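need a structure here:
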Amino acid sequence: MRLFVALWPSQEALRDLTRAENRLRASPDAQSLRWAGEGGHHLTLAFLGEVAEETLPELTARLERAARRHAPLALRLAGGGRFGDRTLWVGVEGDVQALGHLADSLAAGARRAGIEMEDRPFRAHLTLARGRPHRHTALRPFADLLTGFTSHEWTADHIALVQSHPPAPGTSGAQPHYEVLHRWPLGH
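As a prediction, this is how the structure comes out:
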């Protein structure tokens, strides 16, 4: 099973994001991007990749323990950027340092459960769109349009272990389906 740990912005923050995203989608180049869509708007804290089902009991125990050690976070979506011309994202402000500590703690728990984790620093962001293979679309103009964007602040008070189900092969524009397997409150 393909898993990740995430948190979701509040409905109010997501409404703010949708308004900003609608402005971006009005660009003629917007059709050449794969947009995450509203159901896909989350902050990935730890990407676990393929995980064997027999690992789940220990993994969930360690993730729950990590969640209890971290207090709820005051966050807001703000600004934007890109990873080259591959990924367009919205940034995060607020308790970002604490969010990074939470992400590190979740990754450490996953490693202790036997999951191989990529060793790269956590960068708080929410993916909006990805470039399509074999189609070059410059993402800088999209990122520039996000300058000055801020959402309402929200309190992130729980995390979730999520299974990603890929879209049916050959379905143009289809997005993965996300299923929450477990949810844990922060700081309890």
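
relative to Leu145, how far out is the nearest residue to Pro72 once chain neighbours are set aside?
Residue nearest to Pro72 in three dimensions, not counting chain neighbours: Asp157, with 4.1 Å by CB to CB, 6 or more residues apart in numbering. All C-beta spots, glycine's among them, are computed from the backbone N, C-alpha and C. In this view, Asp157 and Leu145 are 31 Å apart by CB to CB, to the nearest Å.

same question, Gly40
Taken as CB to CB, the span from Gly40 to Leu145 is 20 Å.

what do you get for Gln163?
33 Å.

repeat that for Ser32.
16 Å.

so between those two, which is more surrounded?
Higher neighbour count among Ser32 and Leu145: Leu145, with 16 against 13, using other CB atoms under 10 Å.

for the residue nearest in space to the middle of the chain, phi and psi?
Geometric centre of the chain, nearest residue: Leu43, 2.7 Å, by CA atoms, centre = their mean. Dihedral angles of Leu43 (phi, psi; degrees, to the nearest 10) stand at phi -100, psi 110.

tell me what it is bridged to.
Leu7 (DSSP bridges).

in contact with it, which residues?
Counting by CB atoms under 8 Å, 6 or more residues apart in numbering, Leu43 touches Ala6, Leu7, Trp8, Pro9, Val92, Leu99, Ala124, His125, Leu126.
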